[in-house]
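Peer 1: Structure for this input, please:
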Amino acid sequence: MDTITTYTGLSPAAFFTILALMCVVYKTVCSMFVDPEPPEDLKNKLISSSAAASAATAANFSNQTMIPETVQLGDVTEHELRAYDGSDPNKPLLMAIKGQIYDVSRSRMFYGPGGPYAMFAGRDASRALALMSFDPQDLTGNIEGLSDSELEVLQDWEYKFMEKYVKVGQIVSEQTSKPTKNGDKVPENQNHDGA
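Peer 2: You can find the predicted model right below:
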C-alpha cells in the first residue's frame with residue numbers, strides 16, 4: 001500500500017476508486033461502439049436478410065449508374081474530344097493530359113456534369129492541372145512556359161491517370177490528318193496517288 005502512495009501520490013482508497021471508475025468508463029464507451037453478439041437464430045436471420053438487401057441494392061445501383069463500355073478512339077482532335085464531356089450519358093466521359101486521352105467514366109461524380117472537375121471533361125486539361133487552376137483560359141494542352149515544379153505536378157497527375165484510368169486515344173491537331181475516300185487518314189502533305 002505504501003508503494004501506491006509513493007508512485008501515485010494518492011491514498012490506496014483514492015487509487016482503487018479511480019481505477020474502478022476508469023474500468024466502468026472503458027466498458028461503457030466500448031459498449032457504445034461494439035454490439036454484443038446476437039443469439040445464433042437471430043444472427044442467421046440477419047445474415048440472410050442483409051444478403052438479400054445487398055443484392056437488391058447492387059441491382060438497383062447498377063441500373064441507375066450504367067457506365068458506358070470503354071471504347072478505344074485512337075487519334076482524336078480537340079474538337080472531337082469535346083463531345084465526350086459528360087453531357088451525353090450514353091458516351092464515355094473522357095479527359096486528356098499531355099495529349100493522351102483517358103476514360104474517366106468511372107469517376108463521373110468528379111468529372112461528370114455538376115462534379116467539382118466537370119470543366120476538365122472533354123478537354124486536354126494539362127495546363128490547368130499543372131497550375132492547379134480552375135480558370136477556363138488554362139483549359140488547354142499548351143504547357144509552354146510552365147516552371148519545372150509545375151511540370152512535375154503535371155507529371156504526378158499523369159501518373160495518377162495512368163494508374164487509375166484506361167488510355168483510349170491521343171489528341172492530334174486538326175491539320176495532322178484528313179480522311180481519304182475510303183476513310184483512312186493520311187498526312188495532308190502526302191499525295192493520294194503515291195507520287
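Peer 1: Quick check: can you list the domain ranges of this structure?
Peer 2: Domains of the chain are assigned by the TED database as 1-36, 74-171.
Peer 1: average pLDDT across the shortest one?
Peer 2: Taken as a whole, domain 1-36 has a mean pLDDT of 80.
Peer 1: Would you mark the buried spots in that domain?
Peer 2: Across domain 1-36, burial judged by 16 or more other C-beta atoms under 10 Å covers F15. All C-beta atoms are positioned from the backbone trio N, CA, C, and that covers glycine.
Peer 1: try stretch 111-118
Peer 2: For stretch 111-118, burial by neighbour count (16+ other C-beta under 10 Å) applies to 111-112, 115, 117-118.
Peer 1: could you dump it to PDB, C-alpha only?
Peer 2: Taking Å, rounded to 0.1, in the frame of the first residue of the first chain, the C-alpha atoms of stretch 111-118 are listed here in PDB:
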ATOM      1  CA  TYR A 111     -15.700  14.800 -63.800                       C
ATOM      2  CA  GLY A 112     -19.300  14.500 -64.900                       C
ATOM      3  CA  PRO A 113     -21.900  17.300 -65.100                       C
ATOM      4  CA  GLY A 114     -22.100  19.000 -61.700                       C
ATOM      5  CA  GLY A 115     -18.900  17.400 -60.400                       C
ATOM      6  CA  PRO A 116     -16.100  19.500 -59.000                       C
ATOM      7  CA  TYR A 117     -13.800  18.800 -62.000                       C
ATOM      8  CA  ALA A 118     -16.500  18.800 -64.700                       C
END
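Peer 1: thinking again about what came up before, least reliable of the domains of the chain going by mean pLDDT?
Peer 2: For those, mean pLDDT drops lowest on domain 1-36, to a mean of 80.
Peer 1: circling back to that earlier point, out of the buried residues of stretch 111-118, who's nearest V153?
Peer 2: Distance to V153, by C-beta to C-beta, is smallest for Y117 among the buried residues of stretch 111-118, at 15.2 Å.
Peer 1: who are the neighbours in contact with that closest one?
Peer 2: 110-111 (C-beta atoms under 8 Å, 6 or more residues apart in numbering).
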